[in-house]
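Undergrad: this is a predicted model, with the sequence first.
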Amino acid sequence: MPNNKKMYDKGKVVAGLCIFVVLITFPFWFNLGKAAPVPEPKLSDKAKAAKECVMPKAYMKAEHMQILNEWRDTVVRDAKRIYTNPSGKKFNMSLSNTCLDCHVEKAEFCDKCHNYASVTPYCWDCHIDPKEAK
Amino acid sequence: MKSSRRRFLKIAGISALGIGAKPVLDVMASSSETAAPKTTRGENALRAKRWGMVIDTRKLQSEEDLEPMIEICDKIHNVPKFENKNHEIKWLWEEEFKHVFPMQEPDFLNDRLKHMSFLTLCNHCEKAPCVRVCPTKATFKREDGIVLMDFHRCIGCRFCMAACPYGSRSFNFRDPRPFIKETNPDFPTRTKGVVEKCNFCAERLAVGEIPACVEVSNGALTFGDLDDPESEVTRVLRNNYTIRRKPALGTGPSVFYIV
């Protein structure tokens, strides 16, 4: 009976497999323990003084994009520009003039997280960062 | 004996229902108690059924008379200035009689009109063709008659530019930002790939101000509600003979000219 359990070029195949496995897992072990820390957006002094945003912090953290979407639709479509939050405080619905009025540092506030999460909202293609405009 | 068991079960059933209903009622009561955020118009916002404008060309004899209006419009709306005519962005601009009123030219046109510059802008038509052709509803008609654009939704297909018989729409072939002399931070710029046009100063109406061009026109432009018989525009329209651009097309412009 012929021995058909023989592996041809055993040395080369095993070595090749080892190199393959090392290469394919390279990104994992190369970056091991080097995960970028979750950035903490820096609040400007004005935002700190205001204590509360349009909605509570947790809500803003998770849902600010939904609020901005709602704002843009109601302002453009329904011509309603005043937002009254549950505690009765009124805001002018404007990204450049209300949000950025408090969160003065766009780079330290918006961009920090957006860069980390690798999202590129196109707000700033048109809306102006008042600081940059100066 | 039989009837008393029956009664017991009835009472037990009803009380079980009562106990079960309470949490449901509680939830419903609490949900109506917490105030949801509200969106409203500003207190000073100007309202109308159908905004309209009358341009008294007798008071706008020369290009110098038109300059301040065009200038203020371009400035507050961040309208860029391009050297290349093909890239031009127009909100409020000047045009000669034969281009403003083609087919309405008399054989012997009065000399004054022949060489005069007319102020032209979006006509905010009653039956706006641009609204009809827009595939994304980026251009829409507001309930106060203003034909407005939602730049967020414009995909730059330029159907509206083909549909508009007045050339009131311009396309951003390039990024407009480097070509804006002085950026007004209160108003957004546009981006490459969207169409834009006059918005009848919707952002100013929302805070109780009339359009900027009307404000600096020294009475040459009148703005108001065409549906209100008491308004200044309807009074001017009643007392003067006015013409509109390309009336045969049936678009129903809301901009009228006293010539």
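TA: Alright, I've got the coordinates.
Undergrad: what is the burial count for residue 78?
TA: Picked chain A for this. Counted with other C-beta atoms under 10 Å in any protein chain shown, the neighbours of A:D78 add up to 13. The C-beta positions use only the backbone N, C-alpha and C, and glycine is treated the same way.
Undergrad: please refer instead to chain B.
TA: When neighbours are counted by other C-beta under 10 Å, B:N78 registers 25.
Undergrad: quick check: it touching B:K181?
TA: No. Between B:N78 and B:K181 there is no contact under C-beta atoms under 8 Å: 9.4 Å.
Undergrad: now do the contacts for B:P165.
TA: For B:P165, the contact set (C-beta atoms under 8 Å, 6 or more residues apart in numbering or on different chains) comprises B:P129, B:R245, B:K246, B:L249, B:T251.
Undergrad: same check, this time on B:C134
TA: Going by C-beta under 8 Å, 6+ apart, B:C134 touches B:F140, B:F159, B:C160.
Undergrad: with A:M65 instead?
TA: With C-beta under 8 Å, 6+ apart, A:M65 has these contacts: A:P121.
Undergrad: again, 6 Å this time
TA: Neighbour list for A:M65: empty [criterion: C-beta atoms under 6 Å, 6 or more residues apart in numbering or on different chains].
Undergrad: phi, psi of it?
TA: phi -70, psi -40 (degrees, to the nearest 10).
Undergrad: and the pLDDT for it?
TA: Looking at A:M65, its pLDDT reads 94.
Undergrad: can you pull out the strands in the chain?
TA: Since no chain was named, I'll use chain A. Ranges of strands in chain A, per DSSP state E, are A:82-84, A:90-92.
Undergrad: oops, chain B please
TA: With strands called from DSSP E, chain B shows them at B:38-40, B:51-56, B:92-96, B:117-121, B:139-141, B:147-149, B:170-171, B:195-196, B:221-225, B:255-258.
Undergrad: direction included, what does the longest one pair up with?
TA: Read that as strand B:51-56. Partner strands and pairing direction for strand B:51-56 (DSSP bridges) are strand B:221-225 (antiparallel), strand B:255-258 (parallel).
Undergrad: how much distance is there from it to the middle of the chain?
TA: In terms of C-alpha atoms, centre = their mean, to the nearest Å, the centre of strand B:51-56 is found 14 Å from the chain centre.
Undergrad: next, the angle strand B:117-121 makes with it.
TA: Inter-element angle recorded for strand B:51-56 and strand B:117-121: 180 degrees (by axes from the mean of the first three to the mean of the last three C-alpha atoms, to 10 degrees).
Undergrad: alpha carbons of strand B:51-56, as CSV, please.
TA: The C-alpha trace of strand B:51-56 is given here as CSV (Å, rounded to 0.1, in the frame of the first residue of the first chain):
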residue,chain,number,x,y,z
TRP,B,51,-45.6,87.6,-0.6
GLY,B,52,-45.1,89.8,-3.6
MET,B,53,-43.0,92.7,-4.9
VAL,B,54,-43.5,95.7,-7.1
ILE,B,55,-40.5,97.3,-8.8
ASP,B,56,-41.0,100.9,-9.8
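Undergrad: quick one: residues in contact with it.
TA: By C-beta under 6 Å, 6+ apart, the residues outside strand B:51-56 that reach it are B:119, B:144-146, B:200, B:220-223, B:226, B:233, B:236, B:254-258.
Undergrad: same thing with the first one?
TA: Where contact means C-beta under 6 Å, 6+ apart, the residues beyond strand B:38-40 that reach it are A:T74, A:K80, A:I82, A:Y83, A:T84.
Undergrad: pLDDT score for the residue lying closest to the third one once chain neighbours are set aside?
TA: In other words, A:I82. The shortest distance from A:I82 to any non-neighbouring residue, by C-beta to C-beta, 6 or more residues apart in numbering or on different chains, is to B:T40 (4.8 Å). On the pLDDT scale, B:T40 is placed at 91.
Undergrad: with B:D228 instead?
TA: Listed pLDDT for B:D228 reads 95.
Undergrad: what is the neighbour count of B:R58?
TA: Neighbour tally, B:R58, other C-beta under 10 Å: 11.
Undergrad: likewise B:S254?
TA: By other C-beta under 10 Å, the residues close to B:S254 number 23.
Undergrad: endpoints of stretch B:102-118, how far apart?
TA: 13 Å (C-alpha to C-alpha, to the nearest Å).
Undergrad: show me what from the stretch 1-150 of chain B comes close to chain A.
TA: Neighbours of chain A within the stretch 1-150 of chain B, by C-beta under 6 Å from any C-beta of the partner chain: B:A35, B:P37, B:K38, B:T39, B:T40, B:R41, B:G42, B:D150.
Undergrad: from what I can see the last one touches B:T136, true?
TA: Think B:D150. No. B:D150 is beyond contact range of B:T136, at 8.6 Å (criterion: C-beta atoms under 6 Å).
Undergrad: who's more crowded, those two?
TA: Just comparing B:D150 and B:T136: by other C-beta under 10 Å the higher neighbour count belongs to B:D150, 18 against 13.
Undergrad: pLDDT at the residue nearest to B:G156 when sequence neighbours are not counted, what is it?
TA: Nearest residue to B:G156, sequence neighbours excluded (C-beta to C-beta, 6+ apart): B:G193, at 4.1 Å. pLDDT, B:G193: 95.
Undergrad: rewinding a little: most neighbours among the residues of the stretch 1-150 of chain B next to chain A, which one is it?
TA: Neighbour count (other C-beta under 10 Å) singles out B:D150 as the most crowded of the residues of the stretch 1-150 of chain B next to chain A, with 18 neighbours.
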